[in-house]
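**Q** I'll drop the sequence and a predicted model, then ask my questions.
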Amino acid sequence: MLNYAASRIVQTIIVLLVISFIAFLLVANIGDPLAALLSADATVNERMELIARLGLDQPLGTRFLHFLGNLLQGDFGMSYRTQDPVANLIAERLPATIELAFVSLLITILVGVPAGIYCGVHPNSLFGRFIMLISTAGITLPNFVVGLLLIAVFSVQLGLLPSFGRGTVVDLGFWTTGLLSVSGWRAIILPAATLSTFQVAFIIRMLRTQLMEVGQSEHIRFARARGLSEARIWYVYAIKNTLLPVITMLGLQLGNIIAFSVVTENVFAWPGLGSLFLQSIQAADIPVIAIYLIFVGLVFMIINLIVELLYPLIDARVLRRQS
Amino acid sequence: MTTPLLDVRDLTVTINRDGHLITALDKVSFSVNPGEVLGIVGESGAGKSITGAAIIDLLVPPLKRTGGTITLAGERLDRLSPKAMRSVRGGRIGFIFQDPMTSLNPVISIGRQLCDTIEAHLKIGGDKAKRKALEWIERVGLPNPEVQFRRYPHQLSGGMRQRIVIALALCANPALVIADEPTTALDVSVQAHILQLMRDLHRESRASMMLITHDLGVIAKMADRVAVLYAGRVAEISTVGELFNAPKHPYTRGLIRATPMPSADSEVRLDQIPGAMPGLGAVPPGCAFNPRCFKAEGDCRAAIPPLTTEESTAFSCFHPLEREIA
Amino acid sequence: MTPVVNTPSVPAARRNRLSKLLRAMRRAPGPTFCAFIIFALLIYAFVTPLVSLNPFEFSGMSVMDSFIPPMWMADGIPDFPLGTDDQGRNLLTAMAYGMRTSIIVGFLSVIIGLVLGGSLGLIAGFVGGKVDAFIMRVADVQLAYPALLLAMIIDGAARAALGAERSVTTAITIVVLSIGIAFWVQYARTIRSSVMIERDQDYVSAARITGRSNLSIIVLHILPNVMAPVLVIATINLGIAIITEATLSFLGIGIPVTSPSLGTLIRNGNNFLQSGEWWISVWPCLVLVAFVVSVNILGDHLRDVYNPRLRGRS
């Protein structure tokens, strides 16, 4: 087991290094940091100073090591667009996106899980089929179309919910939260719903498939042969078997949430990491793009690693099968 | 004639294949007397497992029970509502599944599975149920009941798991136990132990047992009476002694002869019956066995022989075997 | 009774194939309907530009005609059945041009992905060993990223590299390449596994014995046998590619306004959603969704039909 864990961790580190290198190459080769970071009337001295500080006169290898070192110390470079440290930009925008992701996860669990369970237990009922139809729409409709639809209905037509911004935000020092005000909650609902659409549709389909499969299994048949109630059979015996695969899939979907957050934050003018990323692309702000590249890779690799290392602990059968 | 505990009359099960209705069980009739072990024997595909599942209404669609009556201690099971049937399952009829690797829920502890069954039928809860569960774990021969109680199925060996399956089937004290190939999926060395366990439990509880198997050796060891199934129909029903010494139906004799068993003069005979049992939907007209039967004649092809009772045996054959005078 | 098609002048073989197709269509009404929708939209997208002037190049519109609602509403005019946009363009025509761009870009990116993924998959499957391991490792790492994000990153990096001055062609090329590179992995994997199965077959050994070069074996013998599953993936991917391009354009980093795709049109129309001129973004949305959903349903159906595991059944 220890061997397995060690090899997986080493592999993850190697992949992260490769990703960091690619990100570094982007920063080193694309765009002109001098033009971006210096004012037009900079003196030659200031120029030389910046070159030395950024290490632009060093060989590639050394620069990469500096790059890595800086990363590990929390120095993510300077944004070409705003001349601010990238780390500051990220810290400023992070709370908005995390809260958005959190509320969308809430919606996924509160809406998607019951709907998926219902579909799995009553797959051929009218309501079950209706849910499946909606979930198909949720999976095939592009994210921005869903957002526009929600805005058209709830903001323009009904005038119930705002279509942009975070509402009233409370500053807690290291964190700005919109969840402590009513207007904050009203502002977060539509974007969170849009962001969660794909996840909800996905989890409904997954639960339905999983439950239908489990429902056919021998041990469920044996449970029926023992006269256990249908409620117990579905809501305890069957569902417990689906928990692990579903949670795993949700975790692996995190990458999609990050991608869709860019679109959602744009539709709803939500000042989070996603819109920061979009602004960087529009303004060719390479340092931010590069950091995003590393960040997404990091998130995925770590989740993957956690899943691969925790799985054998949670499910001892997996470990046995491997040995 | 004792009143049978379980009486099955003309049980018919059909399967829907692409719109065609094919008969899987064709008017199967037999009964189980109180306290006895009735063996149901036959080749794979003869309909044995379907019979067991049909009795407790646990057929897997597209199989469907389409005819016949099933009476348990005078009550018509085939007329019960699904809710009433649920209390019969496990409570009055216990079912032992074949494969211990797949019949136990992998993510719920042994103890929990036992307690759930006990609580569902015996109307006791909490500690009392737990105590009963521990009793049963011990009774089926597992050491350290407290430890096993907390364990999960994958932590037990195949034999241990099957003991738990037996415990689960019996823990609500049913009057009838249906065992569907209880030892087929086990190692040979474990089979004997499990059979011994079942025999002991049967003697203790005095419940009736319907033992479904393809293994004549198991029948010889465990059964009091035997019903032989062929292609979804009953070929013969008789006591175990009569079956082996004086089978009436030609198929039964062929079946016995095809089973490797040392004969009196220590020869091991092994005679295969020519041909193969017809599959679903391929049953020939008349007697299902007639194409392979050395005694077949015209009337065998013309009509399905009915189950005729003669003293303590029953058979469906127009030309049954005469008793061999040794 | 098998339906017979009454075409006396058509040779027997073609008549058989036609009747087979008709039978298949009758058995699957949903996907057939979707195929018709796709066909209709394709005609709309490619024929309309032939009979009308490009409202994005030709300045024959009048700003006086802007913001006219669809013709069934008050203030609507039959001249502009679906209304006009903020520059007075007839939406019916504008959408056709937009749709054409969307389809072409989607199609091209699928081709790029197919060629890139296909070649890498062929090489990985045929050569095996370290080359295969390397290609697959790269594929695995890329799969860590959602394709949309990758397309954005590649698009962003390309823009930065090429500077501010970009022609429309360059923009389209960047988008096509970004989406193509973001999606090559699935093609590569499918072809690779098919190739690995095929390369051990007898006909390959036979070809090798007769001294054929590796390249000719790959192209002439193996390739035809692995194309079927790939084409199914390509169909499903077309929908995804079009959505990805629409998303990029909606975000402003895709196809520029001067030669817009449906996504760009929606982005433009979004500005007026709040003030009530909903039709400017809703029509392109509907057309986009209709096309993509139809492609998805048809693609799913084709995938089930050509699933090698189910092939025995029919």
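**A** It's in.
**Q** could I get the pLDDT score of the most far-flung residue of chain B relative to its centre?
**A** When distances are taken from the C-alpha mean of chain B, residue B:127 lies farthest, 34.1 Å away, according to CA atoms, centre = their mean. At residue B:127, the pLDDT value in this model is 89.
**Q** my guess is it is in a helix, correct?
**A** Yes: under DSSP: H, G, I helix; E, B strand; the rest coil, residue B:127 falls within a helix.
**Q** what's the distance between it and residue B:115?
**A** 10 Å (CB to CB, to the nearest Å). C-betas here are computed from N, CA, C, even on glycine.
**Q** list the residues that contact the residue farthest from the centre of chain B.
**A** Counting by CB atoms under 8 Å, 6 or more residues apart in numbering or on different chains, residue B:127 touches no other residue.
**Q** tell me the spacing between it and residue B:173.
**A** 19 Å.
**Q** return the residues of the stretch 51-200 of chain B in contact with chain A.
**A** Proximity of the stretch 51-200 of chain B to chain A, by CB under 8 Å from any CB of the partner chain, involves residues B:56, B:58, B:60, B:86-91, B:94-95, B:97, B:99, B:102-108, B:116-117, B:120-121, B:152, B:154-155, B:165, B:168-169, B:172.
**Q** list buried residues within these.
**A** Among those, the ones that count as buried by 16 or more other CB atoms under 10 Å in any protein chain shown are B:56, B:58, B:86, B:88-91, B:94-95, B:97, B:99, B:102-108, B:116-117, B:120-121, B:152, B:155, B:165, B:168-169, B:172.
**Q** check for me that residue A:41 belongs to a helix.
**A** No: the assignment for residue A:41 (three-state DSSP) gives coil, which keeps it out of a helix.
**Q** okay, now it: neighbour count?
**A** A count of nearby residues for residue A:41, using other CB atoms under 10 Å in any protein chain shown, gives 6.
**Q** quick check on it: phi, psi?
**A** phi -100, psi 30 (degrees, to the nearest 10).
**Q** quick check: residue B:124 is in a helix.
**A** No: assessed by three-state DSSP, residue B:124 does not belong to a helix; its assignment is coil.
**Q** name all residues that make contact with residue B:76.
**A** Applying CB under 8 Å, 6+ apart, the residues contacting residue B:76 are B:69-70.
**Q** name whatever forms a beta bridge with it.
**A** residue B:71 (DSSP bridges).
**Q** that one and residue A:265: what is the separation?
**A** For residue B:76 relative to residue A:265 (CB to CB), the value is 66 Å.
**Q** likewise for residue B:318?
**A** Separation of residue B:318 from residue A:265 (CB to CB): 84 Å.
**Q** those two: which is more packed in?
**A** Taking other CB under 10 Å, residue B:318 and residue A:265 do not tie; residue A:265 has more neighbours (26 against 19).
**Q** hmm, the more buried one is touching residue A:258, no?
**A** No: counting by CB atoms under 8 Å, residue A:265 does not reach residue A:258; the two are 10.9 Å apart.
**Q** shared neighbours, those two?
**A** Going by CB under 8 Å, 6+ apart, residues that sit against residue A:265 and also against residue A:258 are residue A:274.
**Q** got a list of what the residue nearest to residue C:37 when sequence neighbours are not counted touches?
**A** Once flanking residues are discounted, residue C:37 sits nearest to residue C:294: 4.4 Å by CB to CB, 6 or more residues apart in numbering or on different chains. For residue C:294, the contact set (CB under 8 Å, 6+ apart) comprises C:34-35, C:37-38, C:41.
**Q** again with residue B:149
**A** B:109-111, B:114, B:130, B:133-134, B:137.
**Q** return the distance of residue A:64 relative to residue A:23.
**A** Distance, residue A:64 to residue A:23, by CB to CB: 10 Å.
**Q** okay, the two: which has more neighbours?
**A** Ranked by neighbour count (other CB under 10 Å), residue A:64 and residue A:23 place residue A:23 first, with 24 against 17.
**Q** take the residues of the stretch 51-200 of chain B next to chain A and keep only those in helices.
**A** Mapping these onto helices (DSSP state H) picks out B:86-88, B:102-103, B:116-117, B:120-121, B:165, B:168-169.
**Q** how about the helices in chain C?
**A** Counting by DSSP H, the helices of chain C are C:12-27, C:29-51, C:91-127, C:129-143, C:147-162, C:168-182, C:184-198, C:202-209, C:214-216, C:223-250, C:262-270, C:279-305.
**Q** ok, is the third one in contact with chain A or not?
**A** No: for helix C:91-127 and chain A, the contact criterion (CB under 8 Å from any CB) is not met; the two come no nearer than 11.7 Å.
**Q** likewise the fourth one?
**A** Yes: with CB under 8 Å from any CB as the criterion, chain A is reached by helix C:129-143 at residue C:141.
**Q** buried set for that helix?
**A** Buried, per 16+ other CB under 10 Å, within helix C:129-143: C:132, C:135-136, C:139, C:141-142.
**Q** the last one too?
**A** By 16+ other CB under 10 Å, the buried positions in helix C:279-305 come out as C:279-285, C:287-289, C:291-302.
**Q** between it and helix C:12-27, what angle do the directions make?
**A** In terms of direction (axes from the mean of the first three to the mean of the last three CA atoms, to 10 degrees), helix C:279-305 departs from helix C:12-27 by 110 degrees.
**Q** and the residue positioned nearest the centre of chain C, how far from residue C:179?
**A** Residue closest to the average C-alpha location in chain C (CA atoms, centre = their mean): residue C:238, at 2.7 Å. Look at residue C:238 and residue C:179: by CB to CB, they are 11 Å apart.
**Q** okay, and the common contacts of these two?
**A** Shared contacts of residue C:238 and residue C:179, counting by CB under 8 Å, 6+ apart, come down to residue C:106.
**Q** what sits against the nearest residue to residue A:253 once chain neighbours are set aside?
**A** Leaving aside its chain neighbours, residue A:253 sits nearest to residue A:199 (6.1 Å; criterion: CB to CB, 6+ apart). Neighbour list for residue A:199: A:104-105, A:108, A:112, A:250, A:253, A:256-257 [criterion: CB under 8 Å, 6+ apart].
**Q** let me see the confidence value for residue C:5.
**A** Here, the pLDDT recorded for residue C:5 equals 51.
**Q** next one: residue B:262
**A** Looking at residue B:262, its pLDDT is 58.
**Q** ok, now which ones touch residue 78?
**A** Here I'm looking at chain A. Residues near residue A:78 by CB under 8 Å, 6+ apart: A:33, A:37, A:84-86, A:287.
**Q** looking at chain C here, not the other one
**A** Residue C:78 is in contact with residue C:71, counting by CB under 8 Å, 6+ apart.
**Q** ok, it to chain B distance?
**A** Distance of residue C:78 to chain B, given as CB to the nearest CB, to the nearest Å: 53 Å.
**Q** just residue A:271 next, same as before
**A** 43 Å.
**Q** you'd agree that residue is in a helix?
**A** No: applying three-state DSSP, one finds residue A:271 to be coil, outside a helix.
**Q** what's the burial count for it?
**A** 19.
**Q** same check, this time on residue C:214
**A** 11.
**Q** that one: what's it in contact with?
**A** Neighbouring residues of residue C:214 by CB under 8 Å, 6+ apart: residue C:126.
**Q** same check on residue C:111?
**A** For residue C:111, the contact set (CB under 8 Å, 6+ apart) comprises residue C:180.
**Q** against chain A, how distant is it?
**A** As for residue C:111, its distance to chain A is 22 Å (criterion: CB to the nearest CB).
**Q** can you tell me how far that residue is from residue C:41?
**A** 20 Å.
**Q** what segments of chain A are strands?
**A** Ranges of strands in chain A, per DSSP state E, are A:170-171, A:176-177.
**Q** from those, which stretch is densest packed?
**A** Sort these by mean neighbour count, taking mean count of other CB atoms under 10 Å in any protein chain shown, and strand A:176-177 sits at the top with a mean of 16.
**Q** figure out how far that one is from the centre of its chain.
**A** The chain centroid and the centroid of strand A:176-177 are separated by 19 Å under CA atoms, centre = their mean, to the nearest Å.
**Q** cool, and stretch C:148-158?
**A** 19 Å.
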